[in-house]
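[1] give the three-dimensional model of this entry:
(2 chains)
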Amino acid sequence: MSQLTDKQLDDLINGLPEEMSVSPNVWQKVQGEISHQPKPNSSKWVPMTLVASLLLTAVLSWKLFDHQSLLSVPEHNTNTAMLALIDNVEQNHQQQVSQLQQTIKRVAWQQVPEFSPFKKGLKELRQAMQEVINQLKLQPQDKQLWDLWLWMQQQELNLLGQEQRVQQIESI
Amino acid sequence: MLALPEDIELLDKENQWIALAQRGDQQAFHQLYLIHHQKIMALAMRLAGDPRQAEEITQECFVRLWHKLPSFKGDSQFSTWLHRLCVNHALNMLKTQKSLWARFFNIDSAPEQSYFDEYQALDKVILTLPERARWVFVLHAVEGYQHNEIAEILKISEGTSKAQYHRARALLKEKLA
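    Numbers count the residues shown, from 1 in each chain, chains lettered A, B, ... in the order given. Below you'll find the model as predicted:
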């Protein structure tokens, strides 16, 4: 089955409905909440809210401190292991990239103009990948960043593979 | 495009309802709800990917609106201001709920397929995208936010936003083929 073109996807996006229906009880719930709460600009609640916030902050800080003191060591260890894993995956990927680049003829590679769509696309992809890696190193347990990074690695390999195939065809 | 007379009339009425609701008039606030709630639901649905959660977000956005309304000074269009308020509130709710949920259950909760029956083909597929790719896609492609704005809202780099967007498009094209 052929893949959707960008134009077809854009047409579908433009055709998306701007509105979606809501259950009738949503307004009742909104009304229920705002009826039991102060009017938007009522000032007598400000001191009470302030006191409540201070109390809540104190309790949460105490809880958080307690929680962190219990969990800080294992979490640190996990992050160290995840950072090592990131380095490992990165090294493996770079090896794959090097192998693929070696199979692309050196001369032909140099002949590809610096501003060709291929080199431009690859450069942009690599810049974005670097940003994602930096972010991942700050949040090494973020599954979605991992997914994105691995997907980008695959895109880089696909791009290099495509270029390799184009050069093979051109050399025939 | 020139605004139609009925649009101008509605905007005038809306300004009156805003002024009344700012002073605590719940009936005027209900009128504002009637005009905007379905658009907010569409936004919430696409961000949350779950109808029940989307309704909860819609509800909480209007409760928040009730409290924030006095700070609306009319510097921008009300719909734009409300939209931004709801995007921020929806994402905050989703991040909080996600982290709370994740503390107790180590799973990604996916709603049953039957919930999606009433939605269009593209919407059904959008709802299956990975969460952050979906947020970026919805904000950029559907809601018209720029990548630098999305980066600021989601606290990610612009490059990450672009990468998530392209990944989302690739996944959508694959799934819709």
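
[2] doesn't B:Gly159 make contact with A:Val132?
    Yes. A:Val132 is within contact range of B:Gly159, at 7.3 Å (criterion: CB atoms under 8 Å). Every residue, glycine included, has its C-beta placed from N, CA and C.

[3] got the phi and psi for A:Gln141?
    Reported as degrees, to the nearest 10, the phi and psi values for A:Gln141 are phi -100, psi 10.

[4] does it really touch A:His76, like I thought?
    No. The pair A:Gln141 / A:His76 is not scored as a contact, 11.9 Å apart, by CB under 8 Å.

[5] can you give me the helices for chain B?
    Defined through DSSP state H, the helices belonging to chain B, from first to last, are B:5-22, B:26-48, B:51-68, B:78-104, B:121-126, B:131-137, B:147-154, B:158-176.

[6] ranking these by mean pLDDT, which is last?
    Set side by side, the helices of chain B give their lowest mean pLDDT on helix B:78-104, at a mean of 81.

[7] is chain A within reach of that helix?
    No. Judged by CB under 8 Å from any CB of the partner chain, helix B:78-104 makes no contact with chain A; its nearest approach is 9.9 Å.

[8] next, the angle helix B:51-68 makes with that helix.
    Here helix B:78-104 runs at 130 degrees with respect to helix B:51-68, directions being taken by axes from the mean of the first three to the mean of the last three CA atoms, to 10 degrees.

[9] okay, which residue is most central for chain B?
    In chain B, the C-alpha nearest the mean C-alpha coordinate belongs to B:Leu43, at 3.1 Å (CA atoms, centre = their mean).

[10] now that residue. Nearest residue, chain neighbours left out?
    Spatial nearest neighbour of B:Leu43, excluding adjacent residues (CB to CB, 6 or more residues apart in numbering or on different chains): B:Cys86 at 6.2 Å.

[11] what about that neighbour, distance to chain A?
    Remark: distance between B:Cys86 and chain A (CB to the nearest CB, to the nearest Å) = 13 Å.

[12] do I have it right that that residue meets B:Met41?
    No. Taking CB under 8 Å as the contact criterion, B:Cys86 and B:Met41 are not neighbours in contact, 10.0 Å apart.

[13] so A:Arg165 versus chain B, what's the distance?
    The span separating A:Arg165 from chain B equals 19 Å under the rule CB to the nearest CB.

[14] what is the burial count for that residue?
    11 (other CB atoms under 10 Å in any protein chain shown).

[15] pLDDT value on it, please?
    Reading off the model, A:Arg165 has pLDDT 72.

[16] and what of A:Asn25?
    pLDDT at A:Asn25 comes out at 92.

[17] can you check A:Arg106 too?
    Model confidence at A:Arg106, expressed as pLDDT, equals 56.

[18] quick one, domains of chain B?
    Residue ranges for each domain of chain B read B:1-111, B:113-177, as given by automatic domain parsing.

[19] for chain A, just list every one of the helices.
    Using DSSP H, the helices found in chain A span residues A:6-14, A:25-35, A:45-103, A:106-111, A:117-138, A:143-171.

[20] least reliable of the ones you listed going by mean pLDDT?
    Averaging pLDDT over each of the helices of chain A puts helix A:106-111 lowest, since it has a mean of 57.

[21] out of the domains of chain B, which one sits most buried?
    By mean neighbour count, with neighbours taken as mean count of other CB atoms under 10 Å in any protein chain shown, domain B:113-177 ranks first of these at a mean of 18.

[22] quickly check: that domain near chain A or not.
    Yes. Counting by CB under 8 Å from any CB, chain A has neighbours in domain B:113-177: B:119-123, B:130-133, B:141-142, B:156-157, B:159-160, B:162-164, B:167, B:169, B:172-174, B:176-177.
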